[in-house]
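Chemist: could you look at this predicted model? Sequence included:
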Amino acid sequence: MGFRRLRLLRRSRLARPAQQPSRPRLRFLAYHKSTGGPEVTISTIIPTFNRRVLAMRAIDSVLAQTVPLDEIIVVDDGSTDDTCAAISARYGSRVRLLRQANAGAAAARNRGIREARGAWIAFLDSDDAWLPTKIDRQQQALAALGPDLGFCFTDCVYDGNPERRSSIFREVGLAEAPRYARLAEPAACIFASNEPFYTPSVLVQRQLLTSIGGFDEGLTIGEDTDVFFRLSFRTSFCFVAEPLVQIDRTPSRTVGLCDLYLARDDRKYDCLDRLYGNWLAMPEVAGTKYEQPVRDMLRLLRYSSAECKLHQMRIGSALRELGRLRALGEGYPAIALNLLLRKADKFRRKLRHGAGEKPRGDSAGCGPS
């Protein structure tokens, strides 16, 4: 499953909100002259868990590429069905099958990165699929746009749900972008809930992933957004404005981790608290224009977590969360007022929704509410 990107920056409903910029248009720089570019070696990494049929569909889409890849690595993350046996029987030596005890998507991807031989890594989730020219178009983009690029992504379309016919680029404002272009300031896209990156569309230099330590295995959700954010300070990004990846969104399938973004679940709050805390500790963030937006996101998250725990009558846990808000500089009177204002705002939205109005906010998105 391709994990939907975090909707990281919410419209603040707190008293005395920090000044936040309006949602920017994504900025890109188009280039048209090809510079040739060197030949590159590419390893594909596909983590999977109990997805025998879907995983083989993903592998078939890699083998169908018009530009052959140098290596296909499937990391079986402790499957309990016959995924491994089926893949071995069907593909033999064409696929390097790595097995490990169940440790999550981040650990599976890291295992693949460590084992990969290619200079570039192309990620694919086991329930998604590439269109045949995906890698070819990305190689063309990298050759045309310059040698300093270490990260290339493409547009994606949803598959399996007739109600979701849009593409990622249409959703984030890149529908009119040129075919190949650089993305200016990719970190800003994350802060603006305008993130165009899907893991199965990404082609990235392996040494860049190694230099940042790969995926954070302590994160159950958001580990891909974390990697993209950290990479945005290490290399230039470019894209192919063509839908070359199919993201499975079949309604009948369980999408547990994506649903976790919307849940009142401690795992969500703990993961995102770790994520934002790690970002604040980055030298590229501390003391820069990015520090305050990250602090605002962490502040909103902790209010949401405190509300959840109070609603569930988990008083001790709620008090600990209020203490963490205090550590961000919030005084108890301001905390009480903000909690009341948030409650009142939710009540007003509920009334409007009951009256037939479309609710405001991003309740269909992922991230703290």
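Modeler: Yep, it's here.
Chemist: all strands of this protein, in order?
Modeler: 28-30, 42-48, 71-77, 96-100, 120-123, 129-130, 149-159, 180-183, 203-205, 236-248 (DSSP state E).
Chemist: just the mean pLDDT for stretch 196-211, thanks.
Modeler: Mean pLDDT, stretch 196-211: 97.
Chemist: and that stretch, how far from the chain's centre?
Modeler: Distance, stretch centre to chain centre, for stretch 196-211: 11 Å (CA atoms, centre = their mean, to the nearest Å).
Chemist: just the buried residues of that stretch, please?
Modeler: Buried residues in stretch 196-211, counted by 16 or more other CB atoms under 10 Å: 196-206, 208-209. C-betas here are computed from N, CA, C, even on glycine.
Chemist: now, those residues that are in helices?
Modeler: 206, 208-209 (DSSP state H).
Chemist: just put the residues you listed in TSV and tack on distance to residue 314.
Modeler: Converted to TSV, these look like this (distance: CB to CB, whole Å):
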residue	distance to residue 314
206	44
208	41
209	38
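Chemist: and which of the residues you listed is nearest to residue 179?
Modeler: Within those, the smallest distance to residue 179 is 24.1 Å, found for residue 208 (CB to CB).
Chemist: thought residue 151 was touching the closest one, still the case?
Modeler: Yes: between residue 208 and residue 151 there is a contact at 7.3 Å, judged by CB atoms under 8 Å.
Chemist: so who does residue 266 touch?
Modeler: If a contact means CB atoms under 8 Å, 6 or more residues apart in numbering, then residue 266 has residue 305 as its contacts.
Chemist: follow-up on the earlier one: which pair of the buried residues of stretch 196-211 spans the longest distance?
Modeler: 196 and 206 (22.2 Å).
Chemist: returning to that earlier point: may I see the strands of the chain organised as a markdown table, with distance to residue 90 added?
Modeler: Compiled in a markdown table, the strands of the chain are given as follows (distance: least, CB to CB, whole Å):
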| stretch | distance to residue 90 |
| --- | --- |
| strand 28-30 | 40 |
| strand 42-48 | 14 |
| strand 71-77 | 11 |
| strand 96-100 | 11 |
| strand 120-123 | 21 |
| strand 129-130 | 16 |
| strand 149-159 | 22 |
| strand 180-183 | 35 |
| strand 203-205 | 25 |
| strand 236-248 | 20 |
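Chemist: so for residue 227, which of those sits nearest?
Modeler: Short answer: strand 203-205, nearest of the strands of the chain by CB to CB, at 8.7 Å.
Chemist: for the nearest residue in space to residue 223 that is not next to it in sequence, what are its contacts?
Modeler: Using CB to CB, 6 or more residues apart in numbering and skipping the chain neighbours, the partner closest in space to residue 223 is residue 106 (4.3 Å). The contact partners of residue 106, by CB under 8 Å, 6+ apart, come to 214-217, 219, 223.
Chemist: one more time with 7 Å, if that's ok
Modeler: 215-217, 219, 223 (CB atoms under 7 Å, 6 or more residues apart in numbering).
Chemist: that one and residue 230: what is the separation?
Modeler: 13 Å (CB to CB, to the nearest Å).
Chemist: show me where the chain has helices.
Modeler: Under DSSP H, the chain gives helices at 52-63, 83-91, 105-115, 134-145, 168-172, 186-191, 206-211, 223-231, 256-260, 266-280, 291-311, 315-327, 332-354.
Chemist: residue 214 against residue 113, yeah?
Modeler: Yes: counting by CB atoms under 7 Å, residue 214 does reach residue 113; the two are 5.5 Å apart.
Chemist: so where's the stretch 201-350 of the chain uncertain?
Modeler: Applying pLDDT under 70 to the stretch 201-350 of the chain flags residues 251-263.
Chemist: still on that earlier bit, shared neighbours of residue 208 and residue 151, anything?
Modeler: What both residue 208 and residue 151 touch, as defined by CB under 7 Å, 6+ apart, is the set 231, 235.
Chemist: residue contacts, residue 94?
Modeler: residue 72.
Chemist: ok, now how distant is it from residue 224?
Modeler: 26 Å.
Chemist: now residue 181
Modeler: Taking CB to CB, one finds residue 181 at 22 Å from residue 224.
Chemist: kindly report the same for residue 167.
Modeler: Taking CB to CB, one finds residue 167 at 19 Å from residue 224.
Chemist: okay, the two: which has more neighbours?
Modeler: residue 224 (27 against 21; other CB atoms under 10 Å).
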